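Participant: here's my sequence, what's the structure:
(2 chains)
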Amino acid sequence: GENVEQHPSTLSVQEGDSAVIKCTYSDSASNYFPWYKQELGKGPQLIIDIRSNVGEKKDQRIAVTLNKTAKHFSLHITETQPEDSAVYFCSDNTGFQKLVFGTGTRLLVSP
Amino acid sequence: GAGVSQSPSNKVTEKGKDVELRCDPISGHTALYWYRQSLGQGLEFLIYFQGNSAPDKSGLPSDRFSAERTGGSVSTLTIQRTQQEDSAVYLCASSPGSPMGYTFGSGTRLTVV
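Facilitator: Predicted structure coming up:
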């Protein structure tokens, strides 16, 4: 079935620390895994994505890893800053027609 | 347009009234998606359009919900006889033709009183 589990639901870190958010998907046919950041009062914004033919992708302070065998993928944010505070959603392209989203992680970065 | 535009940004309606929510996708994007986000919750899929047809409307919660898309562009989500549980932010997204590269609008916050 279509299901993406995400944890933790909330994450509090100090500025400069790293943050890791983990997701598990159920559809072995999924081949695209984007991450979205949603700030208060705004729509989600794509921040990074990974396809199933690679195991890791980096973009400055953010990185995503994918373990197809375990059906796990994770978002890593290093050197966190207060402006990283937001809700983060993982997703996969179950059925190749739409994205199914995790339940979200509220990240709070304290100065 | 430069981005996905949704209107109105906020809508307060009385229980039992009908409402229409509008989405203007990015020009040239053939795929359009509607999601619902209840307070503090995740993104619940409602319906997906490819051109003017809806191959997947499995997420519509009840027959009070319907959506259409005309000219391969603008889409309207209609909720009839609104109920308090319909209160949520309704998000629209578009993409060039596959789920990759979704761009979301800012949403319509619907409050049913």
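Participant: mind listing the strands for chain B?
Facilitator: Here chain B has its strands, by DSSP state E, at B:5-7, B:10-13, B:19-24, B:31-37, B:44-50, B:53-56, B:65-69, B:75-79, B:88-95, B:103-104, B:108-112.
Participant: just want the angle from the last one to strand B:19-24.
Facilitator: The reference is to strand B:108-112. Orientation check (axes from the mean of the first three to the mean of the last three C-alpha atoms, to 10 degrees): strand B:108-112 against strand B:19-24 gives 180 degrees.
Participant: residues of strand B:108-112 that come out buried?
Facilitator: B:108, B:109, B:110, B:112 (16 or more other C-beta atoms under 10 Å in any protein chain shown). C-betas here are computed from N, CA, C, even on glycine.
Participant: so what sits opposite the last one in the bridge?
Facilitator: On the basis of DSSP bridges, residue B:112 is bridged to residue B:13.
Participant: contacting residues for it?
Facilitator: Residues in contact with residue B:112, defined by C-beta atoms under 8 Å, 6 or more residues apart in numbering or on different chains, are B:13, B:14, B:15, B:82, B:83, B:84, B:85, B:86, B:87.
Participant: out of those, which is nearest to chain A?
Facilitator: residue B:87 (16.1 Å; C-beta to the nearest C-beta).
Participant: torsion angles phi and psi at the closest one?
Facilitator: Phi and psi for residue B:87, reported as degrees, to the nearest 10, are phi -60, psi 120.
Participant: the lowest-mean-pLDDT helix or strand in chain A and chain B, any residue contact?
Facilitator: Using mean pLDDT, DSSP states H and E, strand A:100-101 stands out as the lowest-scoring helix or strand of chain A, at a mean of 92. Yes: Strand A:100-101 is in contact with chain B by C-beta under 8 Å from any C-beta of the partner chain, via A:100, A:101.
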